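Engineer: need coordinates for the following:
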Amino acid sequence: MRIIAGAYRGRILKSVQDPRLRPATDRVKEAIFNILQNRVDVRGARVLDLFAGSGSLGFEAISRGASLTVFVDDWQRAVKAIEANARLLHCEARCTVIKADVHKFLSRAKGEFDLVFVDPPYDLEASESLPLRIFQRGLVSRDGILIMEHRAKLRIETTEGIECLLARRFGNTAISMLRRTMD
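Structural biologist: Numbering: from 1, shown residues only. Model (predicted):
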């Protein structure tokens, strides 16, 4: 896993070797950030990386100028990998690492984020409703975007006031990008 662009371009991130993890491939990560560049300025953005794994998406955002990334994962090995990557990149001051179950985190989380990355395990129950919960908690800023990587067959729930900007498929993987509709 490597950083694709920005200040840390080409740097290799430490990853957790485990068959249960499915890190974002360089192809998918590059597609996400190419799509974002026309929709949101990552420079200065506040980022939330849920089910962060090794933090690949959040560190890519930091490399491109995000001011803060909050990484959330409940697996100790993933948390240690994120902390090691922050040290490796010397960006600890721009990282907050939280070891917590994402569902419990969402029930108490506060603040608004300009970018929210959601990359749950493919077999996680109720994955399709995660974006809706995140928007209802007010975690996505008015002009913010939520990007979810998910199984291609999964249909993401939306409601009035939330729109799917785009959905792209990469084999068995898909990304959906959502935002608030303007009032």
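Engineer: in the strand ranked longest in the chain, which residues are buried?
Structural biologist: Criterion DSSP state E: the longest strand present in the chain is strand 140-151. Of the residues in strand 140-151, Val140, Ser141, Gly144, Ile145, Leu146, Ile147, Met148, Glu149, His150, Arg151 count as buried by neighbour count, 16 or more other CB atoms under 10 Å. Every residue, glycine included, has its C-beta placed from N, CA and C.
Engineer: quick one: list the elements packing against the top helix by length along the chain.
Structural biologist: If you go by DSSP state H, the chain has its longest helix at helix 76-89. If contacts are counted by 3 or more CB pairs under 8 Å, 6 or more residues apart in numbering; DSSP states H and E, helix 76-89 sits against helix 56-63, strand 68-73, strand 95-99.
Engineer: ok, now with 6 Å
Structural biologist: strand 95-99 (3 or more CB pairs under 6 Å, 6 or more residues apart in numbering; DSSP states H and E).
Engineer: isn't Arg46 up against Asp114?
Structural biologist: Yes. The criterion here is CB atoms under 6 Å, and Arg46 meets it with Asp114 at 5.3 Å.
Engineer: neighbour count: the two, which is higher?
Structural biologist: Taking other CB atoms under 10 Å, Arg46 and Asp114 do not tie; Asp114 has more neighbours (22 against 18).
Engineer: Val16: how many residues sit nearby?
Structural biologist: Val16: 18 surrounding residues under other CB under 10 Å.
Engineer: rewinding a little: quick one: which two of the buried residues of strand 140-151 are the most distant?
Structural biologist: With CB to CB as the measure, no two of these lie farther apart than Ser141 and Arg151, at 27.3 Å.
Engineer: residues in contact with the residue most central in space within the chain?
Structural biologist: Central residue of the chain (CA atoms, centre = their mean): Phe117, 1.9 Å from the mean position. Shown in contact with Phe117 (CB atoms under 6 Å, 6 or more residues apart in numbering): Asp49, Leu57, Ile147.
Engineer: okay, and the beta partners of it?
Structural biologist: With DSSP bridges as the criterion, Phe117 is bridged to Asp49, Ile147.
Engineer: wait, Arg2 touches Arg9, no?
Structural biologist: No. Applying CB under 6 Å, one finds Arg2 not in contact with Arg9, separated by 8.4 Å.
Engineer: fine, thanks again, bye for now.
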